[in-house]
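A.B. asks: A predicted structure for the sequence below; I have some questions about it.
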Amino acid sequence: MKKFSSYTQPPWLRNTRAICKQFIVPFTIFQGIRTILIPSTFDVLLLTLFLAIAAAIYFDWI
């Protein structure tokens, strides 16, 4: 399996990934609090999506 290198990506993709890395944790925390206080189907799905994106960024899957 080929080793993944972030330097082979175009600059706009690296910038987008860096911005997402900065904002995903606060969005996930806010959505988790909102889901606990006022749960709805949309809130749970959005929290799941944010958790998946945060895990993908943390484990360098993206």
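C.D. replies: Sure thing, it's come through.
A.B. asks: what ranges do the helices span in this protein?
C.D. replies: 11-37, 41-58 (DSSP state H).
A.B. asks: the shortest one vs helix 11-37, what angle?
C.D. replies: Comparing the axes of helix 41-58 and helix 11-37 via axes from the mean of the first three to the mean of the last three C-alpha atoms, to 10 degrees yields an angle of 140 degrees.
A.B. asks: if you average the pLDDT over helix 41-58, what comes out?
C.D. replies: On average, the pLDDT along helix 41-58 is 93.
A.B. asks: for it, packing partners?
C.D. replies: helix 11-37 (3 or more C-beta pairs under 8 Å, 6 or more residues apart in numbering; DSSP states H and E). To be clear about C-beta, it is placed using only N, CA and C from the backbone, and glycine gets the same treatment.
A.B. asks: starting at the chain centroid, how far to the helix it packs on?
C.D. replies: For helix 11-37, the separation from the chain centroid amounts to 5 Å (computed by C-alpha atoms, centre = their mean, to the nearest Å).
A.B. asks: pull out the buried positions in it.
C.D. replies: I24, T28, Q31, T35 (16 or more other C-beta atoms under 10 Å).
A.B. asks: quick check, central residue of the chain?
C.D. replies: Central residue of the chain (C-alpha atoms, centre = their mean): I53, 3.0 Å from the mean position.
A.B. asks: surely that one is in contact with V25?
C.D. replies: No - counting by C-beta atoms under 8 Å, I53 does not reach V25; the two are 10.3 Å apart.
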